[in-house]
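Everything below, folded, please.
(one chain, ligands or ions: 1)
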Amino acid sequence: MNATAPTPVRASTTLSLKGKTALVTGAASGLGKRIAEVFADAGANVVIADLRLADAQATADAIAKKGVKTLAVAMNVTDEAAVDAGFAQVQQSLGAVDILVSNAGIQIVAPIQDFTFANWKKLLAVHLDGGFLTSRAAVRQMIASGRGGCLIFMGSVHSKEASRLKAPYVTAKHGLEGLAKVIAKEGAEHNIRANVICPGFVRTPLVEKQIPEQAQELGISEADVVKTVMLKDTVDGEFTTVDDVAQAALTFAAWPSNALTGQSLVVSHGWFMQ
Ligand code: NAD
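As a prediction, this is how the structure comes out:
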């Protein structure tokens, strides 16, 4: 070969999840739903786990038309017995889980002096208890299968930054980074990777609900909540999309080695820069 010839560019390869089983929590809506669709497009069998079984079933039925196996599971991620039963159901119908996306989440906004203890605990339970219970169940199956696997936690820019009115949410999203790092260390010997995706604002039902609530709490218009609160620090004034986040999830899920573990990826139009 001519020593001065440029290194040949490798043809781009399509990320594949063929033969994998992926369980996505909170997949009846928003980010989780889009991640499940994109994983199915990449060849994975997908489990739609959500509180809302009818919506989970509708999502699973629509995704099944792509030619992969799907399963809808009623799962309250804060309930230990429900999580373990849901994973047992998956094991029985599709085999061990290879990919977990711990995504189910809620938002409650209020200034700290008005936050009720009940709402604090409710939010932490969905994000942190849910993250722990689903990852424990997934890790058990990944170790038993001998195949290892990949865990993805749905963090947020609020895993890195604070915003007013969001004490438990910011606390929980920071906490998920710690959980992912511990699992990255403990999981390595079993070929288990754990990472976090940190989206900026995405117009899902979770955010649509927050716009009028924040407008009321802050005494500003809904348009100003979008412009001066949600998108103020982005580089282009744009919302992040469900597709942006799903592509990040696909990259983590399909990554072939432990080179990418214990990491967080911020997908936020530059709102937060590492
Ligand atoms: P969403 O409201 O559209 O979907 C959340 C889903 O979680 C719903 O289907 C809901 O039924 C389910 N869910 C809620 N509590 C549950 C529980 N206890 N057990 C099982 N399922 C439960 O919201 P989304 O915007 O798609 O949010 C998904 C995740 O992304 C959340 O963890 C959220 O914090 C995170 N996130 C969202 C944004 C955003 O701007 N939308 C930004 C950063 C991070």
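
Now name the helix or strand holding the closest residue to the ligand within the stretch 51-200 of the chain.
Among the residues of the stretch 51-200 of the chain, G105 lies nearest to the ligand; the distance is 2.3 Å by CB to the nearest ligand atom. Every C-beta, even on glycine, is put in place using the N, C-alpha and C of the backbone. Applying DSSP states H and E as the criterion places G105 outside every helix and strand.

Pull the contacting residues for it.
With contact set as CB atoms under 8 Å, 6 or more residues apart in numbering, G105 has these partners: 26, 126-127, 154, 206.

What residues are bridge-paired with the residue most central in space within the chain?
Closest residue to the average C-alpha location of the chain: M154 at 3.1 Å, with CA atoms, centre = their mean. Listed by DSSP bridges, the beta-bridge partners for M154 are I197.

how about it, what does it touch?
26, 31-32, 101-103, 105, 176, 196-197, 199.

Recalculate using a threshold of 7 Å.
Applying CB atoms under 7 Å, 6 or more residues apart in numbering to M154 gives the contacts 31, 101-103, 105, 197.

With pLDDT as extra columns, can I get these in CSV?
As requested, the contacts of M154 are exported to CSV (pLDDT from 0 to 100):
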residue, pLDDT
L31, 98
V101, 99
S102, 98
N103, 98
G105, 98
I197, 98
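
ok, of those, which come out buried?
Applying 16 or more other CB atoms under 10 Å to the contacts of M154, the neighbour count classes 31, 101-103, 105, 197 as buried.

rewinding a little: what separation do you get for the residue of the stretch 51-200 of the chain closest to the ligand and A188?
27 Å (CB to CB, to the nearest Å).

Over to Q57?
From Q57 over to A188 (counting by CB to CB), the distance is 36 Å.

of these two, who's got more company?
Q57 (18 against 15; other CB atoms under 10 Å).

What are the contacting residues of the helix or strand containing D244?
In this assignment (DSSP H and E), D244 forms part of helix 242-254. Here helix 242-254 makes contact (CB under 7 Å, 6+ apart) with 15-17, 22, 30-31, 34-35, 38-39, 42, 99, 101, 150, 152, 195, 197, 199, 202, 204, 260, 265, 267.

which among the residues you listed end up buried?
Neighbour-count burial (16+ other CB under 10 Å) applied to those gives 15, 17, 22, 30-31, 34-35, 38-39, 42, 99, 101, 150, 152, 195, 197, 199, 202, 204, 265, 267.

for the protein, which spans come out with low pLDDT?
1-13 (pLDDT under 70).

Strands along that one, start to end?
21-25, 45-50, 70-74, 99-102, 149-154, 192-199, 264-267 (DSSP state E).

what's the third one packed up against?
Right, strand 70-74. For strand 70-74, the packing partners by 3 or more CB pairs under 7 Å, 6 or more residues apart in numbering; DSSP states H and E come out as strand 45-50, helix 53-64, helix 80-94.

Note down every partner strand of it and its orientation.
strand 45-50 (parallel).

What about L206, how many residues nearby?
L206, neighbours per other CB under 10 Å, totals 16.

For the residue lying closest to it once chain neighbours are set aside, give me its contacts.
In space, and not counting its chain neighbours, L206 is closest to Q107: 5.3 Å by CB to CB, 6 or more residues apart in numbering. Listed by CB under 7 Å, 6+ apart, the contact set of Q107 reads 169, 206, 210.

Same question for Q91.
Q141.

State the distance from it to A118.
For Q91, the distance to A118 - CB to CB - is 34 Å.

go on, T25?
22 Å.

go on, R164?
R164 is 21 Å from A118, by CB to CB.

Count the neighbours of A184 for me.
When neighbours are counted by other CB under 10 Å, A184 comes out with 20.

Let me see the contact set for it.
A184 sits in contact with 193-194, 261-262, where contact means CB under 7 Å, 6+ apart.

do A188 as well
A188 touches 258, 261, counting by CB under 7 Å, 6+ apart.

Would you mind measuring from it to P256?
Counting by CB to CB, the gap from A188 to P256 is 14 Å.

hang on, the earlier thing: of the contacts of G105, which are in range of the ligand?
26, 126, 154, 206 (CB under 6 Å from any ligand atom).
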